[in-house]
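>>> give me the fold of what follows.
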Amino acid sequence: MPAMTAEALNAFFDREFPQLTHAGERSILVESVGDMVGTVRLVHHDRHLRPGGTISGPAMFALADVALYATILAQIGPVGLAVTTNMTINFMRKPLPGDLYAHCRLMKLGRQLAVGEATLMSAGSEDIVAHATGTYAIPPAKGVA
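Sure, this is the predicted structure:
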């Protein structure tokens, strides 16, 4: 059973990462979490576009990173100091205009490291636009050496 719900994660991000909000609206929303899985949405906005009118690579990378982080926190609780140690992304095709979703799966969740993957898809499409893998360092629990 996850330690945090999607609602609790969104509240955590509102409190700890206000930069995910622009002009009073969230840019990234945790849609759902489950055992070792999560889905996070990038809300379409012109600030995420690159020349040519498609979602930029940095916006897709940010979605993958936040989505994996959220999926990890859903399992371990609100550990703000869990950090990305490595991330690789493969851009596969141009996203459709609109919201973008990251469907995440954790492959390993240990005491010190978590490894997962994020598959990015445009809303309303089954085509994968990008695939990312990431490793995150989990700080030791308080009182544990």
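
>>> what lies in contact with the lowest-mean-pLDDT helix or strand in the chain?
Least confident helix or strand of the chain, by mean pLDDT, DSSP states H and E, is strand 21-22 with a mean of 80. For strand 21-22, the external contacting residues (Cβ atoms under 8 Å, 6 or more residues apart in numbering) are 14, 27, 45, 47. For glycine as for every other residue, the C-beta is placed from the backbone atoms N, C-alpha and C.

>>> which of those residues are buried?
Listed as buried from the contacts of strand 21-22 are residue 27; burial here means 16 or more other Cβ atoms under 10 Å.

>>> tell me the two of the contacts of strand 21-22 that are most distant?
14 and 47 (18.7 Å; Cβ to Cβ).

>>> closest to residue 58 out of the contacts of strand 21-22?
residue 47 (10.9 Å).

>>> could I get the longest helix anywhere in the chain in CSV with only the CA atoms?
With secondary structure taken from DSSP state H, the chain has its longest helix at helix 57-76. Provided in CSV are the C-alpha atoms of helix 57-76 (Å, rounded to 0.1, in the frame of the first residue of the first chain):
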residue,chain,number,x,y,z
GLY,A,57,12.7,18.4,-24.4
PRO,A,58,13.4,20.1,-21.1
ALA,A,59,9.7,20.1,-20.2
MET,A,60,9.5,16.4,-21.0
PHE,A,61,12.6,15.7,-18.9
ALA,A,62,11.2,17.7,-16.0
LEU,A,63,8.0,15.7,-16.2
ALA,A,64,9.9,12.4,-16.1
ASP,A,65,12.0,13.5,-13.2
VAL,A,66,9.1,14.8,-11.1
ALA,A,67,7.0,11.8,-12.0
LEU,A,68,9.6,9.3,-10.8
TYR,A,69,10.2,11.4,-7.7
ALA,A,70,6.5,11.4,-6.9
THR,A,71,6.2,7.7,-7.5
ILE,A,72,9.1,7.0,-5.0
LEU,A,73,7.6,9.4,-2.4
ALA,A,74,4.3,7.6,-2.8
GLN,A,75,6.0,4.5,-1.5
ILE,A,76,8.3,5.9,1.2
